[in-house]
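**Student:** Turn this into a model:
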Amino acid sequence: MIDIINTENSDRDFGDANNDEVLESYEKKPLSIYIHIPFCVKKCAYCDFLSFPVGAACMSGYGVYREKYIEALCDRFFELHGDRLFADDPAILGGIAELDGMPVTVIGIEKGEDTKEKITRNFGSPNPEGYRKALRLMKQAEKFRRPVLCFVDTAGAYCGLGAEERGQGSAIAQNLVEMMGLKTPVISVLIGEGGSGGALALAVADRVYMLENAVYSVISPEGAASILYKDAGQVERAAEALRITAGELKEFGVVEEVISEQSGFEAACAELKKLWIRDLDEIEKLDSRAMLDARYNRFRKFGGLME
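**Tutor:** Predicted coordinates:
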């Protein structure tokens, strides 16, 4: 992404000037250029994005979107739209698919591929109608006893004025409550960012997996550094304290499986599909009461004091 900024006119008030007058004022003026490169060799102290220095292994899975996962893992997919209350939210993709001949409901947070699609999908930050759409599809899956498979990749729920007016917090809370009591198997996989309640609203599940380069946290390291240490430069210290990596979270029991990305996208999908089939077979052997008790106890064991 390249933004061209005229530093000489940055403080000028154009008032009621039309576009031609504004553009003319910028002509023949010195310009500075800001270039954003998505993969950096080091973390800059002033950067406020949830980002990390990466190598080729991490970059290999970047740019793989929910549709591609669905195409690789499922035989067929029929997308469904709308929350039946307000609107459809393109940030959440959902529908019915087949996994190895078994009907399943697939729901994923979609960030988009190019700039136009990223804007359409709100950069993967769902609105309340997105979470309500997801819940509608989950309740439909429960009715027909279809397992629910969720892909999670979001920096967090959208916190705009409209989203708050339409009940963002309530929509997320409703998902947490309903998913805990959903009488059908639920498996979630974190494939990128897992940011706060916006991610947890699709991750109250019987099993949670993570790709090895994914992160999962209540807040970004940048935000935590600013709040806890009053210094955005303490981001590495905050990241270490938050324990956001897949290996650490598996050690704590927050996720059951970590999926390797070292051999590329296809190998990761093959491993994910194998885990899905194995765990769904195990979960479906339980009656509804035993399944819900196991899900509840999974979350109740989280937490504790650390030295």
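
**Student:** At which residues are the helices of the stretch 151-300 of the chain located?
**Tutor:** 161-165, 168-180, 196-200, 221-228, 235-242, 246-251, 265-283, 288-300 (DSSP state H, counting those that start in this stretch).

**Student:** With distance to P90, mean neighbour count and mean pLDDT added, can I get those in TSV?
**Tutor:** The way it works is simple: take the backbone N, C-alpha and C, and place the C-beta from them, glycine included. Below are the helices of the stretch 151-300 of the chain laid out as TSV (distance: least, C-beta to C-beta, whole Å; neighbours: other C-beta atoms under 10 Å; pLDDT from 0 to 100):
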stretch	distance to P90	mean neighbour count	mean pLDDT
helix 161-165	14	12	94
helix 168-180	16	17	96
helix 196-200	15	22	91
helix 221-228	26	18	89
helix 235-242	30	18	90
helix 246-251	28	17	92
helix 265-283	23	16	93
helix 288-300	29	13	94
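
**Student:** Of all those, which one is nearest E98?
**Tutor:** helix 265-283 (12.1 Å; C-beta to C-beta).

**Student:** Let me know the angle separating that closest one from helix 288-300.
**Tutor:** 120 degrees (axes from the mean of the first three to the mean of the last three C-alpha atoms, to 10 degrees).

**Student:** Mind giving me the packing neighbours of helix 265-283?
**Tutor:** helix 66-73, strand 92-99, strand 186-195, strand 207-211, strand 257-259 (3 or more C-beta pairs under 8 Å, 6 or more residues apart in numbering; DSSP states H and E).

**Student:** cutoff 7 Å now
**Tutor:** helix 66-73, strand 186-195, strand 207-211, strand 257-259 (3 or more C-beta pairs under 7 Å, 6 or more residues apart in numbering; DSSP states H and E).

**Student:** Listing partners with orientation, what would you give for the last one?
**Tutor:** For strand 257-259, the paired strands and their directions (DSSP bridges) read strand 207-211 (parallel).

**Student:** Next, report how far the strand it pairs with is displaced from the centre of its chain.
**Tutor:** 13 Å (C-alpha atoms, centre = their mean, to the nearest Å).

**Student:** Need the CA coordinates for it. CSV is fine.
**Tutor:** Below are the C-alpha coordinates for strand 207-211, written out as CSV (Å, rounded to 0.1, in the frame of the first residue of the first chain):
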residue,chain,number,x,y,z
ARG,A,207,-12.2,-28.8,20.6
VAL,A,208,-10.1,-25.8,19.5
TYR,A,209,-7.1,-26.1,17.2
MET,A,210,-4.5,-23.5,16.2
LEU,A,211,-2.2,-23.2,13.2
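
**Student:** Adding mean pLDDT and mean neighbour count, write the helices and strands packed on helix 265-283 out as JSON lines.
**Tutor:** Supplementary listing: these in JSON lines, determined by pLDDT from 0 to 100; neighbours: other C-beta atoms under 10 Å:
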{"stretch": "helix 66-73", "mean pLDDT": "80", "mean neighbour count": "18"}
{"stretch": "strand 186-195", "mean pLDDT": "93", "mean neighbour count": "26"}
{"stretch": "strand 207-211", "mean pLDDT": "95", "mean neighbour count": "23"}
{"stretch": "strand 257-259", "mean pLDDT": "94", "mean neighbour count": "20"}
